[in-house]
Structure formats: structure tokens, C-alpha cells
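K.L.:
mind looking at a prediction? Sequence and model below.
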Amino acid sequence: MGLAGLMGGIHFVGVNAPDDVAELPVLSLLDCEAMIPLRQTVARAAVVGPDRLGAEWLAEARRVLLPGRRLVIESERVAAPVGLTQLALGHGLFVGERR
């Protein structure tokens with residue numbers, strides 16, 4: 001069943017997930033090099049892994065988030081991306097909220 005057929009409820013999309021992550025009925029996996037294939041302001045949360053810490057991917061993660069929702073970055077060594085308020089920093093994570 002394709003992604004569109006699964007979108008009746010809460011659904012997860014993994015973009016460039018590690019090889020050991022398997023697709024599930026509630027998890028679609030996509031490989032994308034330049035952008036997150038979602039329209040603007042639709043996601044309730046986003047997680048950016050340590051291999052995608054460039055400004056382009058952080059901007060993409062912010063782009064797809066709804067205002068007031070959370071972005072988790074798997075690194076403490078990042079400045080708060082533009083348009084995010086830092087909520088927490090520690091244990092290897094940055095947590096921010098989209099303004």
C-alpha cells in the first residue's frame with residue numbers, strides 16, 4: 001500500500017533512515033537528497049540525525065513543522081536554527097520549538 005493510502009491517521013515518515021530501520025504500516029521510508037518531501041507546515045515533530053546537520057536540512061526540518069511544534073536535533077553542537085526557540089540542550093540533543 002502506498003503512502004497516500006496510509007495517511008488516514010497519525011503517520012511517520014523516515015527520510016534517509018539508517019539501513020536497519022524497516023518500513024511498517026505506520027512508517028514510510030523515503031530516500032531524498034535535497035529536501036523533505038512534505039509541504040510546508042504539516043508536521044507535528046521532526047528529528048534530524050547527526051548526519052544531516054547542515055543548514056539546508058535544518059531549514060527543511062523547520063519548514064515542514066507546524067508553528068509551536070518541536071524539532072529535535074541529535075547534536076548539542078548546533079546553534080538554534082533561524083525561526084526556532086531553544087527549549088533544551090543536553091544528553092546529545094537540541095530541542096527547539098518553531099515560532
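P.N.:
Sure, I can see it. Residues are numbered from 1 along each chain as shown.
K.L.:
and E97, what element?
P.N.:
Element membership for E97, per DSSP states H and E: strand 93-98.
K.L.:
just give the strands next to that strand in its sheet, each with its orientation.
P.N.:
strand 65-73 (antiparallel), strand 84-90 (antiparallel) (DSSP bridges).
K.L.:
list the contacts of the shortest one.
P.N.:
Strand 84-90 is contacted from outside by R62, R70, L71, E76, A80, F94, V95, G96, E97, R98, R99, using C-beta atoms under 8 Å, 6 or more residues apart in numbering. Backbone N, C-alpha and C define where each C-beta goes, glycine included.
K.L.:
for ChimeraX, what selects the buried ones among the residues you listed?
P.N.:
Per 16 or more other C-beta atoms under 10 Å, the buried members of those correspond to this ChimeraX selection:
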select :62,70,71,80,94,96,97,98
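K.L.:
mind picking the lowest-pLDDT entry from the contacts of strand 84-90?
P.N.:
Checking pLDDT across the contacts of strand 84-90, the minimum falls on A80 at 85.
K.L.:
measure it to H91 for me?
P.N.:
Plainly put, A80 is 17 Å away from H91 if you go by C-beta to C-beta, to the nearest Å.
K.L.:
swap in L27?
P.N.:
24 Å.
K.L.:
neighbour count winner among the two?
P.N.:
Shown here are L27 and H91; by other C-beta atoms under 10 Å, L27 has more neighbours (14 against 6).
K.L.:
where does that one land on pLDDT?
P.N.:
At L27, pLDDT is 85.
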